[in-house]
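Asker: Quick one: sequence plus predicted model below, questions after.
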Amino acid sequence: MLFSDPGTTDPYAGAVTWDRAGEARIAVLYPPYVPLLRTHLNGLRALVDRRLSEPSALMADPRLELLVERMRETSSEPQLEPQVLADVRTRLDWALSVLPEQGGVLELHTPMHQWWWGRALLDVCTAITALLGAWLRGEAVDGQHCPDDATWWMWMAQMRWLDAQFVEPLKPRGE
């Protein structure tokens with residue numbers, strides 16, 4: 001049977017292979033997943049841009065609230081929301097700049113590049129986690145309630161895939 005292997009029927013099973021070349025980390029992405037990554041990065045960037053353009057508005061989006069809260073928890077210095085979101089925006093811009101337009105080879109030459117890429121995808125995962133949590137509580141996000149269980153699980157699968165394929169492989173290890 002052609003699709004008897006779950007790895008070929010689950011769209012989020014694999015699709016990224018990591019390798020090393022000295023200090024560099026190189027990812028080979030299944031090319032159709034490049035647009036999916038770009039969509040997630042652009043979506044979060046648009047959300048951040050909208051918030052930064054309305055600084056006097058009350059924070060109402062749980063995706064950004066969780067991002068700001070997590071960044072504040074990890075910083076020894078008090079950070080204001082606009083600075084946290086500007087930092088997120090900078091990481092997203094950088095990640096989009098290195099994401100290949102065609103093909104699927106991503107080269108992260110230094111540990112800092114690896115940290116930025118992993119952190120940008122962790123930001124996306126954090127935003128998706130907040131979305132899922134709000135939907136579980138029955139809350140609308142951006143005016144929309146979760147349409148159905150299948151949609152919730154699809155978002156959960158994407159978040160888990162992004163974490164497993166991009167965040168976890170780039171976490172510093174005691175090597």
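Answerer: That came through fine. Numbers count the residues shown, from 1 in each chain.
Asker: ok, residue 120 to residue 151 distance?
Answerer: Distance of residue 120 to residue 151, computed by CB to CB, to the nearest Å: 24 Å. For the C-beta atoms, the positions are set from N, CA and C on the backbone; glycine is no exception.
Asker: Can you pick out the residue with more neighbours from these two?
Answerer: Per other CB atoms under 10 Å, whichever of residue 120 and residue 151 has more neighbours is residue 120, with 26 against 12.
Asker: Give me the nearest residue to that one, chain neighbours excluded.
Answerer: Spatially, and ignoring its direct neighbours in sequence, residue 120 is nearest to residue 95 (3.7 Å; CB to CB, 6 or more residues apart in numbering).
Asker: For that neighbour, grab the count of nearby residues.
Answerer: 26.
Asker: go on, residue 43?
Answerer: Neighbours of residue 43 under the rule other CB under 10 Å: 15.
Asker: next one: residue 76
Answerer: Residue 76 has 5 nearby residues by other CB under 10 Å.
Asker: Next: residue 57.
Answerer: Considering only other CB under 10 Å, residue 57 is surrounded by 10 other residues.
Asker: Equivalent analysis for residue 20, please.
Answerer: Neighbours around residue 20, by other CB under 10 Å: 8.
Asker: Then residue 31?
Answerer: Residue 31, neighbours per other CB under 10 Å, totals 13.
Asker: My reading is that it lies in a strand. Confirm?
Answerer: No - checked against DSSP: H, G, I helix; E, B strand; the rest coil, residue 31 lies outside a strand; its state is coil.
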